[in-house]
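> Kindly return the folded structure for what I paste below:
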Amino acid sequence: MSHPAAPEPGDPEHLDVLIVGAGISGIGAAHYLRTRLPGKTWAILEARDAIGGTWDLFRYPGIRSDSDLYTFSYEFKPWTSRKSIADATTILDYLRETAAENGIDRHVRTLHRVLAASWSTEDARWLVEVERADTGERLSLTCGWLFCASGYYDYDEGFTPGFEGREDFRGTVIHPQHWPEDLDHAGKRVVVIGSGATAITLVPALADTAAHVTMLQRSPTYVMPVPSVDPVAGLLRKVLGTHRAYPVIRRKNIAQQRAVWLFCQRFPRAARRLIRRINTRQLPEGYPVDEHFRPTYDPWDQRLCVVPDGDLFRAIRGGRASVVTDRVETFTERGVRLASGRELEADVIVTATGLKLRAMGGITLTVDGAPVALPDTVAFRGMMLSGVPNFSFAIGYTNASWTLKIGLLCEHFCRLLAHMDAHGYDTCRPDTGEGPMTTRPLLDFAAGYVRRSLDQLPRQGERAPWLMSMSYHGDVKLLRDRPVDDEHLRFSRRRGSGSAAPSRSVPGTRSAPR
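Prediction:
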């Protein structure tokens, strides 16, 4: 393999791999790099002042996972907590422990926001522009590979519609993404606008001390009670021990997740009836289940919301919380007036109205001076972009635990780098070829925050390797079992670095038709 020339004094620092984001994906990527390719140099740049990503950012009451932690945790580090549906503090402790015991935390540079990255084919490297969030200082780094592990959320700002009359409300209005530490909601009337996972988490947590909490939703969401403690997992851990039981529990839960999703996809009417029956048993007798808990879409067209130990339903049964299905007409001095004319009085209004997406962390990408328009690219194996060399991103499953896919992507990424080293290549670029390609949105998911941002995201194709797979078992075959080489990958070596020839011809970059 070729080695870069020794840096001249004053040259930017060079790394083999630069990881953007110190959340669950970035920490996972760092672990696989450290253990599988120990000779590589790497660092993690994190825009915020701490590791943990989502689990450090969101501080609203009750925040927890909506996936079981036996599959949401890493394959290489067993989840040892008793609860399989865990709160953010426990998850954050797990991530920090993982980073510390693997020496990953020493490679994290916090308050470093990546602004732009420019690829040079001549140099076979990225020039990365970074801003120090604490000082405003600008600095540059170079890297052979850029790995974007920042997910797809906008960490700076959540989504709030432009509610009419908001300035007239005399109480407090907050978005869950920026929950004030000093907010005291005890004994107060709270209206939570929204019906997604955040709202369903907030309502029972706030209801513990608030005078009353109303969840105001424009339309219902599918909600399912699940035990926070997995009894089968507990039995297996007792019999086999924590570490030996972990892979068994993990496989059991992967199969269970897939079975539920497939059942909902193949038999949506039966799934609707089953969920309604479960909801009816959890709610007070005579409760208008169809009005407040019967969505118009089929189960798993959007992510199904889980409530550990039925906490939302308990709050409703106890009279501490209620659900109103209506549209906001305007904020008033005392609360919210609805389209029906009813007014909900409130001291605190929480706009749990969703998130904003920020593709690739908002990084501006250019390749040999040409700007990369993300909507004109197509995702390759769910981890690279057509026409963009030596660039990877990490997006997990929307129909199962996020981390299941991240682990497979990181394994495949390391195998790809090892393949390039073994053959003397320093550049790898997916290419869609010369023929037309039918594409569709990157995420086949009906959630509002996804639909609002689809025009900013890359596309996906109709079949592998351009399909954004949401099947764990399918991805095991594609990412873990199959060779990394592919007819759509163009490997090459920069001129003057040796005698290795490109593995295939490298046609000009082309945009994918939409």
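> what helix or strand is the most centrally placed residue in the chain on?
Residue closest to the average C-alpha location in the chain (C-alpha atoms, centre = their mean): Gly151, at 4.7 Å. Per DSSP states H and E: Gly151 is located in neither a helix nor a strand.
> before we move on, what about Val350?
With DSSP H and E as criterion, Val350 is part of strand 348-351.
> Arg218 and Glu329 touch, don't they?
No: Arg218 lies out of contact with Glu329 (C-beta atoms under 8 Å); the separation is 11.8 Å. C-betas here are computed from N, CA, C, even on glycine.
> Show me which of the two is the more surrounded one.
Ranked by neighbour count (other C-beta atoms under 10 Å), Arg218 and Glu329 place Glu329 first, with 17 against 14.
> sec struct for that one, please.
What DSSP: H, G, I helix; E, B strand; the rest coil gives for Glu329 is strand.
> coming back round to it: quick check, distance from the strand holding Val350 to the centre of its chain.
Put simply, strand 348-351 sits 25 Å off its chain's centre (C-alpha atoms, centre = their mean, to the nearest Å).
> any residues touching the following helix or strand past it, and which ones?
Next in sequence after strand 348-351, counting helices and strands by DSSP H and E, comes strand 355-357. Residues outside strand 355-357 that contact it (C-beta atoms under 8 Å, 6 or more residues apart in numbering) are 152-154, 157-159, 177, 449-450, 452-453, 456-457.
> Swap in 7 Å and give it another go.
For strand 355-357, contacts defined as C-beta atoms under 7 Å, 6 or more residues apart in numbering pick out Tyr152, Tyr153, Asp154, Glu157, Gly158, Phe159, Tyr449, Ser453, Gln456.
> Given it, what are its sheet partners and their directions?
Looking at strand 355-357 with DSSP bridges, its partner strands are strand 153-158 (antiparallel).
> which of the residues in the partner strand are buried?
By neighbour count on 16 or more other C-beta atoms under 10 Å, the buried set for strand 153-158 is Tyr153, Asp154, Tyr155, Gly158.
> What's the first helix or strand after it?
strand 172-174.
> Given that next one, what are its sheet partners and their directions?
Partners of strand 172-174 in the sheet, by DSSP bridges, are strand 348-351 (parallel).
> who touches the partner strand?
Identification of contacts with strand 348-351 by C-beta under 7 Å, 6+ apart yields 160, 169, 171-176, 185, 188, 190-193, 202, 336.
> Show me how this structure divides into domains.
As assigned by automatic domain parsing, the chain contains the domains 13-155+357-492, 160-353.
> Deepest in the core, which of these is it.
Most buried of the domains of the chain, by mean neighbour count (mean count of other C-beta atoms under 10 Å): domain 13-155+357-492, with a mean of 19.
> Next, the distance between the ends of that domain.
By C-alpha to C-alpha, to the nearest Å, the extent of domain 13-155+357-492 from end to end equals 24 Å.
> Gly26 versus Leu95, what's the distance?
Separation of Leu95 from Gly26 (C-beta to C-beta, to the nearest Å): 10 Å.
> Distance-wise, check Arg266 relative to Ser67.
From Arg266 to Ser67 the distance is 21 Å (C-beta to C-beta).
> again with Ala270
According to C-beta to C-beta, Ala270 stands 23 Å off from Ser67.
> ok, now Arg276?
Counting by C-beta to C-beta - Arg276 and Ser67 are separated by 23 Å.
> residues in contact with the longest strand belonging to the chain?
Counting residues, the longest strand in the chain under DSSP state E turns out to be strand 138-148. Outside strand 138-148, the residues within contact range by C-beta under 7 Å, 6+ apart are 12-20, 29, 117, 125-131, 360-361, 363, 390-394, 413, 426.
> just the CA coordinates of the strand holding Val350, formatted as PDB?
The C-alpha trace of strand 348-351 is given here as PDB (Å, rounded to 0.1, in the frame of the first residue of the first chain):
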ATOM      1  CA  VAL A 348     -47.200  25.700  30.400                       C
ATOM      2  CA  ILE A 349     -47.400  24.700  26.700                       C
ATOM      3  CA  VAL A 350     -45.000  22.100  25.400                       C
ATOM      4  CA  THR A 351     -44.700  22.000  21.600                       C
END
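> Which of the contacts of strand 138-148 fall in helices?
Applying DSSP state H to the contacts of strand 138-148, the entries found in helices are Ala29, Phe413.
> hmm, back to that, for the contacts of strand 355-357, which one is nearest Ile104?
Within the contacts of strand 355-357, the smallest distance to Ile104 is 21.5 Å, found for Tyr153 (C-beta to C-beta).
> Please name the bridge partners of that closest one.
Bridge pairing for Tyr153 (DSSP bridges) gives the partners Leu357.
> Now do the residue lying closest to Val372 once chain neighbours are set aside against Ala133, distance only.
Nearest residue to Val372, sequence neighbours excluded (C-beta to C-beta, 6 or more residues apart in numbering): Leu365, at 4.0 Å. The gap separating Leu365 from Ala133 is 21 Å, by C-beta to C-beta.
> Just to be sure, Ser195 is in a strand?
No: applying three-state DSSP, one finds Ser195 to be coil, outside a strand.
> Can you name the residues in contact with stretch 84-96?
In contact with stretch 84-96 (C-beta under 7 Å, 6+ apart) are residues 24, 27, 51-52, 55-56, 58, 63-65, 68-70, 73, 81, 226, 228-230, 233, 306, 308.
> Just checking the distance from it to the centre of its chain.
Stretch 84-96 has its C-alpha centroid displaced from the chain centroid by 16 Å (C-alpha atoms, centre = their mean).
> Show me the strands in the stretch 101-250 of the chain, by range?
Counting by DSSP state E, counting those that start in this stretch, the stretch 101-250 of the chain has strands at residues 108-110, 112-120, 125-132, 138-148, 153-158, 172-174, 189-193, 212-217, 223-226.
> out of the ones you listed, nearest to Ala352?
Using C-beta to C-beta, the strands of the stretch 101-250 of the chain put strand 189-193 closest to Ala352, at 5.4 Å.
> Now for this structure: which helix has the highest residue count?
Counting residues, the longest helix found in the chain (DSSP H) is helix 242-266.
> The next helix or strand after it to helix 242-266, inter-axis angle?
Where DSSP H and E defines the elements, the next helix or strand beyond helix 242-266 is helix 268-282. Helix 268-282 runs at 120 degrees relative to helix 242-266, counting by axes from the mean of the first three to the mean of the last three C-alpha atoms, to 10 degrees.
> Whichever helix or strand comes after helix 268-282 - contacts with which helices or strands?
Per DSSP H and E, the first helix or strand lying C-terminal to helix 268-282 is helix 289-293. With contacts taken as 3 or more C-beta pairs under 7 Å, 6 or more residues apart in numbering; DSSP states H and E, helix 289-293 sits against helix 268-282, strand 321-325.
> elements contacting the longest one?
Here helix 268-282 touches strand 223-226, helix 289-293, going by 3+ C-beta pairs under 7 Å, 6+ apart.
> Kindly reformat those as a markdown table and extend each row with distance to Ala211 and mean pLDDT.
Conversion of the helices and strands packed on helix 268-282 to a markdown table gives the following (distance: least, C-beta to C-beta, whole Å; pLDDT from 0 to 100):
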| stretch | distance to Ala211 | mean pLDDT |
| --- | --- | --- |
| strand 223-226 | 23 | 95 |
| helix 289-293 | 21 | 97 |
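> Can you tell me how far the closest residue to Trp402 other than its chain neighbours is from His423?
Spatial nearest neighbour of Trp402, excluding adjacent residues (C-beta to C-beta, 6+ apart): Gly396 at 3.0 Å. Separation of Gly396 from His423 (C-beta to C-beta) stands at 30 Å.
> before we move on, what about Ser73?
35 Å.
> And Pro38, by the same measure?
Relative to His423, Pro38 is positioned 20 Å away (C-beta to C-beta).
> same check, this time on Asn253
38 Å.
> Could you do Asp123 as well?
Asp123 is 20 Å from His423, by C-beta to C-beta.
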